[in-house]
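S.K.: Structural data only, the sequence is not supplied:
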């Protein structure tokens, strides 16, 4: 298993034990996993983004504190609009996949709807060059999620 995956799993476990919010020191975590602090930065920036359902606040000094909060979508009709508003004007397939997974995990869409969305958002389904592909992907994702709401 890759070190990034191990660090991600460790942080997610900490978040679940602390009711969705943790504060950690970059240097202490790097020391625990015997890696450089930039490895911790990489994991946090790629695995704990808003698209994946997290808010990250970083504080400089004193070894670099990082606060990670898991965002739970609001229940009811507002949940889907919260997700749609988070998407922005363009989105990569990786980030779109994370959004779809979160929607499924929070019971906003069914497994079949998630599969259909992922197929529709794939690079094969949007055969245009970047950045137009990411712009079209965001529009498709928003429109489908609004329709499902």
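M.R.: Cool, got the structure. Nothing here was measured: the structure is a model prediction, and the numbers come from that model.
S.K.: those strands in this protein, which residues are they?
M.R.: Applying DSSP state E to the chain gives strands spanning 21-25, 54-59, 65-70.
S.K.: buried residues in the helix or strand of the chain with the lowest mean pLDDT?
M.R.: Every helix and strand in the chain was compared by mean pLDDT, DSSP states H and E; the lowest is helix 78-87, with a mean of 78. Using 16 or more other Cβ atoms under 10 Å as the test for burial, helix 78-87 gives 79, 80, 83, 84, 87. Backbone N, C-alpha and C define where each C-beta goes, glycine included.
S.K.: so which of those would you say is closest to residue 68?
M.R.: residue 83 (19.2 Å; Cβ to Cβ).
S.K.: separation between that closest one and residue 59?
M.R.: Distance check for residue 83 against residue 59: by Cβ to Cβ, to the nearest Å, it reads 28 Å.
S.K.: Lowest average pLDDT across the strands of the chain?
M.R.: Lowest mean pLDDT within the strands of the chain: strand 54-59, a mean of 81.
S.K.: tell me what it is packed against?
M.R.: For strand 54-59, the elements it packs on are strand 65-70, judged by 3 or more Cβ pairs under 8 Å, 6 or more residues apart in numbering; DSSP states H and E.
S.K.: can you pull the buried residues of the strand it packs on?
M.R.: For strand 65-70, by 16+ other Cβ under 10 Å, it's 65, 66, 68, 69, 70.
S.K.: which residue is nearest the centroid of this protein?
M.R.: Among the residues of the chain, the one closest to the centroid is residue 52, at 1.4 Å (Cα atoms, centre = their mean).
S.K.: which residue packs closest to that residue, ignoring adjacent ones?
M.R.: Distance criterion Cβ to Cβ, 6 or more residues apart in numbering; nearest residue to residue 52, sequence neighbours excluded, is residue 98 at 4.5 Å.
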